[in-house]
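In: Quick one, fold the following:
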Amino acid sequence: MTEAPVPILMYHSIATAPNDATRVLSVAPEAFAEQMALIGELGLTPLGTADLAARWRSDRPLPARPVLITFDDGYEGVHRHALPVLAEHSFPATLFVSTGWIKGAHDTGGGPDTMLDWRQVRELAAAGVEIGGHSHTHPQLDQLDDGPLRHELVRCTRIVADELGGAPVSFAYPYGYSDRRVRRAVRAAGYAQALAVGNAQARRRQGPYALRRLTVRRGTDAEEFERLLVGRSIARVFAKDRVLTQGYALVRGARRVRRKASRSRV
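Out: Numbering: from 1, shown residues only. Got it, this is the predicted structure:
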């Protein structure tokens with residue numbers, strides 16, 4: 001029997017007044033609350049990232065109408081605005097943190113808006129939110145050489161383990177960018193599964209290190225959000241994104257070729 005696809009929702013900032021850098025990928029708190037209510041009304045069953053991957057890996061059945069709720073980067077609004085709504089519905093979720101953006105001893109100062117601190121991250125974890133890795137400084141991992149790539153992954157893993165008492169097992173690629181080399185490095189760093197973007201529903205056949213997600217942003221209205229949940233007209237919703245992604249893939253491929261050529265001449 002064909003395994004049903006699973007919508008994995010990708011959120012970033014939940015904020016009333018985001019800055020210009022994060023506005024497009026932010027969601028208003030009221031909209032987020034309405035979206036979570038709709039998940040409940042439609043009878044969907046939220047899962048954590050590790051739970052979904054473990055079920056697929058061990059051939060255990062999924063619950064009826066599964067959905068994943070994920071957040072990238074580590075914005076303060078996840079604690080302020082999203083956590084109370086998740087708790088109200090008893091929904092699990094996953095937060096992927098860029099450890100160099102979280103306020104505290106490891107902060108590099110690169111966070112694009114108001115970010116979480118480690119006390120808040122611990123409170124999210126205590127409330128049942130799975131904490132995953134998202135690199136240390138949020139670079140385009142597929143553009144890094146092997147040494148810096150490994151450093152980004154290992155530093156992130158170690159900081160999360162030190163701060164929370166356990167290493168993260170799920171990873172999300174910054175910007176959604178990965179290739180075979182990056183996926184191998186993520187696995188070597190101890191992660192059991194990883195999420196990309198792709199703006200499509202996740203399917204088991206994608207493999208545990210390339211599961212696709214659906215972007216939720218400030219312009220996602222209630223009708224479009226429901227389409228994401230039920231898998232209707234997704235290609236049309238993200239048609240413009242796909243064209244831009246394909247074009248940028250060519251640019252990124254050319255960059256890799258030039259970088260390799262430059263190294264060979266040294």
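In: Could you list the buried residues of stretch 219-232?
Out: For stretch 219-232, burial by neighbour count (16 or more other C-beta atoms under 10 Å) applies to T220, F225, R227, L228, L229. To be clear about C-beta, it is placed using only N, CA and C from the backbone, and glycine gets the same treatment.
In: err, stretch 111-125, not the other one
Out: G111, P112, D113, M115, L116, W118, Q120, V121, L124, A125.
In: check which helix or strand covers the second one.
Out: The reference is to P112. Assigned by DSSP states H and E, P112 belongs to no helix or strand.
In: thinking again about what came up before, ok, the buried residues of stretch 111-125 vs I131, which is closest?
Out: Of all the buried residues of stretch 111-125, A125 has the smallest distance to I131: 5.1 Å, by C-beta to C-beta.
In: mind checking pLDDT for that closest one?
Out: At A125, the pLDDT value in this model is 98.
In: now the nearest residue in space to it that is not next to it in sequence, which residues is it bridged with?
Out: With C-beta to C-beta, 6 or more residues apart in numbering as the criterion, A125 has its nearest non-adjacent residue at 5.1 Å, and that residue is I131. Counting by DSSP bridges, I131 is bridged to L95.
In: one step back: ok, the buried residues of stretch 111-125 vs M36, which is closest?
Out: Nearest to M36 among the buried residues of stretch 111-125 is L124, at 15.6 Å by C-beta to C-beta.
In: List the residues that contact that closest one.
Out: V78, H79, L83, L95, L116, I131 (C-beta atoms under 8 Å, 6 or more residues apart in numbering).
In: ok, 7 Å please
Out: Residues near L124 by C-beta atoms under 7 Å, 6 or more residues apart in numbering: V78, H79, L83, L95, I131.
In: isn't there a helix covering it?
Out: Yes: the assignment for L124 by DSSP: H, G, I helix; E, B strand; the rest coil puts it in a helix.
In: separation between it and A105?
Out: Plainly put, L124 is 18 Å away from A105 if you go by C-beta to C-beta, to the nearest Å.
In: R57 now?
Out: 35 Å.
In: burial count for the closest residue to H12 other than its chain neighbours?
Out: Nearest-residue entry for H12: L25, 4.2 Å, with adjacent residues in sequence omitted and distances by C-beta to C-beta, 6+ apart. Applying other C-beta atoms under 10 Å, we find 20 residues neighbouring L25.
In: Can you give me the neighbour number for R65?
Out: Count around R65 with other C-beta under 10 Å applied: 16.
In: Now for the residue nearest to it when sequence neighbours are not counted: which residues touch it?
Out: In space, and not counting its chain neighbours, R65 is closest to L44: 4.6 Å by C-beta to C-beta, 6+ apart. Residues in contact with L44 (C-beta under 7 Å, 6+ apart) are R65, V67, L229.
In: one step back: these two touch, right, the residue nearest to A125 and V160?
Out: Yes: with contact defined as C-beta atoms under 7 Å, I131 reaches V160; the gap is 6.2 Å.
In: Touching both of those two, which residues are there?
Out: In contact with both I131 and V160: V97, P168, using C-beta under 7 Å, 6+ apart.
In: how about the closest residue in space to S233 that isn't next to it in sequence, secondary structure?
Out: Leaving aside its chain neighbours, S233 sits nearest to R227 (5.3 Å; criterion: C-beta to C-beta, 6+ apart). Look at R227: counting by three-state DSSP, its state is helix.
In: Show me the helices in the stretch 101-250 of the chain, by range?
Out: Secondary structure of the stretch 101-250 of the chain (DSSP state H, counting those that start in this stretch): helices at 118-126, 146-164, 180-188, 222-230, 234-237, 239-265.
In: Provide the contact partners of stretch 77-85 at residue level.
Out: Contacts for stretch 77-85 (C-beta under 7 Å, 6+ apart): 13-15, 29, 32-33, 36, 71, 95, 116, 120, 123-124, 127.
In: could you list every residue that touches the residue nearest to S233?
Out: Applying C-beta under 7 Å, 6+ apart, we find R227 in contact with S233, I234, V237.
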